[in-house]
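Chemist: This is a predicted model, with the sequence first.
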Amino acid sequence: MTLRLILTLLLIPVAFASAALAQDKGSVDPKPLPPLANPADPNIGARELFGRKVLPAAMPTRVVGFYAKGCIAGAEALPINGDTWQVMRLSRNRNWAHPNLVALLERLSVKAHKDAGWPGILVGDMSQPRGGPMITGHASHQVGLDADIWLTPMPKRKLSRNEREEMSAVMMVRADRLDIDPHAWTPTHLPVIRAAAQEPSVERIFVNAAIKKALCREAKGDRGWLSKVRPMYGHDYHFHVRIKCPPGSGECESQPPPSDGEGCSTGDLAYWFSDAVLHPKPPKIPPKPKPPMTLAQLPAACRQVLAAPDAKQ
Ligand SMILES: [Zn+2]
């Protein structure tokens, strides 16, 4: 088994979780989570604690751990409305990230407007105010360095709170999963994804394999950016932008850079279009769900981030 395949398999639960979640609707009047009987219990699920934090920690910016196991202090919120972006599913309170990622999303939204003619971008899940594991969806998005961007352009008007909970993104993949849906995919999608991939701080972009195939077919001129765009389960309504550990973040665990190749050959994509992936059979014995990470298992620095008072807004 190649290293790449092993890494891919490790990411499967991540992808299934976020794929299901992207379209889940929210409420304009979300019920706050009930208080925990014993929040200091070392066996309590870390996600129960992070999921109840409404604001970032009053600490200097600090990224701790790995995309799928960590937390962040000093996260910044992407404002819910910009000239060229709007944040979706506000009830989730997941529009937090490292300041570098917030700045990148703002920059990218301007490029989507200028280069692709989109009025702007719709931004889905980023991270919780202190990062960490989530009660619903995503295994990654824990350190403020991941963001989901809808493949549906922002409309020209400001969406209501209700629309931001209820509206669905458009499915980009054809019913047989072998290619994009030509009624949904447009020539403007490539420049938006390319603009993200060409950002030097971007580590990887995840898209559905059918979308990768379309990008491979359509990319003209410089194709170097294609190496950062990796096929992933789900990601047929949105693409996922992941940035590298920011400079000076000594506690941030990086991941090996993607290989140089474009990843466009039939062989590169064969796994993703195999019968086992397109039509997975349920396992005979359902795998035991992994017990969620407990408070005691968190990196010590993340326990500090949890314990810190709320940052002033
Ligand atoms: Zn994602």
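Modeler: Received it, and whenever you're ready, just let me know what you need.
Chemist: Next, the contact list for the residue in the stretch 101-250 of the chain positioned nearest to the ion, please.
Modeler: Proximity of the stretch 101-250 of the chain to the ion (Cβ to the ion) peaks at H240, 3.6 Å away. The way it works is simple: take the backbone N, C-alpha and C, and place the C-beta from them, glycine included. Contacts for H240 (Cβ atoms under 8 Å, 6 or more residues apart in numbering) come out as S18, D146, A147, D148, I149, I205, F206, V207, M232.
Chemist: So which residues of the stretch 1-150 of the chain form helices?
Modeler: For the stretch 1-150 of the chain, helices defined by DSSP state H, counting those that start in this stretch occupy the ranges 3-10, 12-22, 46-50, 99-116.
Chemist: any idea of the mean pLDDT for the last one?
Modeler: Across helix 99-116, the average pLDDT comes to 98.
Chemist: So which of the contacts of H240 belong to strands?
Modeler: With strands taken from DSSP state E, the overlap with the contacts of H240 comprises D146, A147, D148, I149, I205, F206, V207.
Chemist: Can you classify the residue of the stretch 101-250 of the chain closest to the ion as helix, strand or coil?
Modeler: Following DSSP: H, G, I helix; E, B strand; the rest coil, we place H240 in the strand state.
Chemist: who's it bridged to?
Modeler: When bridges are called by DSSP bridges, H240 pairs up with D148, F206.
Chemist: i'd like the first residue to be 8 from this point on
Modeler: From this message on, residue numbering opens at 8, which makes the last subject H247.
Chemist: Look up how far G131 lies from it.
Modeler: 9 Å (Cβ to Cβ, to the nearest Å).
Chemist: cool, A221 as well?
Modeler: 21 Å.
Chemist: which of those two has more neighbours?
Modeler: Taking neighbours as other Cβ atoms under 10 Å, A221 and G131 compare with G131 leading, 25 against 22.
Chemist: what residues are up against the more buried one?
Modeler: By Cβ under 8 Å, 6+ apart, the neighbours of G131 are A29, M95, R96, A154, D155, I156, W157, A176, H245.
Chemist: now, which of those residues lie close to the ion?
Modeler: Among those, proximity to the ion is found for D155 (Cβ under 5 Å from the ion).
Chemist: My read is that V236 contacts V209, right?
Modeler: No. Using Cβ atoms under 8 Å, V236 is not in contact with V209; the gap is 9.7 Å.
Chemist: of these two, who's got more company?
Modeler: Between V236 and V209, counting by other Cβ under 10 Å, V236 is the more crowded of the two (26 against 20).
Chemist: is that one in a bridge, and if so with what?
Modeler: Under the criterion used (DSSP bridges), V236 bridges to I212.
Chemist: ok, now how distant is it from G89?
Modeler: 25 Å.
Chemist: one step back: out of the contacts of H247, which are buried?
Modeler: Burial by neighbour count, judged by 16 or more other Cβ atoms under 10 Å, picks out S25, D153, A154, D155, I156, I212, F213, V214, M239 from the contacts of H247.
Chemist: So R230 sits against E269, correct?
Modeler: Yes. Here R230 reaches E269: they are 5.6 Å apart, a contact under Cβ under 8 Å.
Chemist: quick one, which of the two is more surrounded?
Modeler: E269 (17 against 13).
Chemist: mind listing what that one touches?
Modeler: Residues counted as contacts of E269 (Cβ under 8 Å, 6+ apart) are C223, R230, L233, S234, D275.
Chemist: Give me the secondary structure label for it.
Modeler: coil.
Chemist: Skipping adjacent residues, who's closest to it in space?
Modeler: L233 (4.2 Å; Cβ to Cβ, 6 or more residues apart in numbering).
Chemist: And N169, by the same measure?
Modeler: N169 sits nearest to V35 (Cβ to Cβ, 6+ apart), 5.4 Å away.
Chemist: Surely the one you found and S98 touch.
Modeler: Yes. Taking contacts as Cβ under 8 Å, V35 lies within contact range of S98: 6.9 Å.
Chemist: Overlap in contacts, these two.
Modeler: By the contact definition Cβ under 8 Å, 6+ apart, V35 and S98 are jointly contacted by E172.
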